[in-house]
Structure formats: structure tokens, C-alpha cells
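# What shape does this take:
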Amino acid sequence: MTTDGQRWLWYLAKLLEGVGMVVVLVGLMMSVGFGFDGESLKSQTYEAWGLVWGGGMFVVGWIMERILGTR
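Residues are numbered from 1 along each chain as shown. Sure, this is the predicted structure:
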């Protein structure tokens with residue numbers, strides 16, 4: 001990393017990875033909660049959306065790191 005622009009993009013990539021993992025975790029926790037309440041379809045919906053959005057953010061951050069050459 002040589003420029004401030006690259007450093008800023010690296011921080012953004014790390015932020016996306018971290019937020020993505022949190023979104024996956026929140027989706028999983030909501031899924032478990034609804035599953036215990038007997039609402040299986042709602043449980044699966046929250047789990048799927050958590051994986052789609054959280055996984056998507058994580059992958060975008062990971063790809064940004066690869067492009068920057070820091071990973």
C-alpha cells in the first residue's frame with residue numbers, strides 16, 4: 001500500500017468483510033430464534049437473507065483486497 005487512496009480502500013474492504021460476518025451472524029441468530037418459536041419458514045427466510053447479504057458483502061471486501069494486492 002503506497003497511497004492514501006489504497007489505504008482507504010483497504011479499510012473499506014476490511015469494513016465490508018467485518019460487517020458481512022456480523023450480518024451473517026445476526027441472520028443466524030434470528031433464524032434460531034424463529035426456529036425455537038416453531039416458525040420454520042420465517043426461520044429459513046432470515047437465514048437465507050443473512051447468508052446472501054452478509055456473504056455478498058464479505059466477498060466484495062475480499063475481492064477488493066485481492067485487487068489491491070494486500071491478500
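
# rest of the way, CA atoms for contacts and neighbours
Will do.

# what about the residue nearest in space to the middle of the chain, which helix or strand?
With distances taken as CA atoms, centre = their mean, Gly20 lies nearest the centre of the chain, 1.4 Å away. Using DSSP states H and E, Gly20 sits within helix 4-36.

# What is that helix packed up against?
In terms of contacts (3 or more CA pairs under 8 Å, 6 or more residues apart in numbering; DSSP states H and E), helix 4-36 is packed against helix 40-68.

# hang on, the residue nearest to the centre of the chain packs against Val60?
No - applying CA atoms under 8 Å, one finds Gly20 not in contact with Val60, separated by 9.4 Å.

# Am I right that Gln44 is in contact with Met30?
No - Gln44 is beyond contact range of Met30, at 9.6 Å (criterion: CA under 8 Å).

# returning to that earlier point: just the mean pLDDT for the helix holding Gly20, thanks.
The pLDDT scores in helix 4-36 average 93.

# Show me which residues of it are buried.
Across helix 4-36, burial judged by 16 or more other CA atoms under 10 Å covers 9-10, 13-14, 16-17, 19-32, 34.

# Just give the number of residues close to the residue lying closest to Gly35 once chain neighbours are set aside.
Sequence neighbours aside, Ser43 is the residue nearest to Gly35 in space, at 5.4 Å (criterion: CA to CA, 6 or more residues apart in numbering). As a burial measure, Ser43 scores 21 neighbours (other CA atoms under 10 Å).

# Distance-wise, check Ser43 relative to Leu25.
Look at Ser43 and Leu25: by CA to CA, to the nearest Å, they are 13 Å apart.
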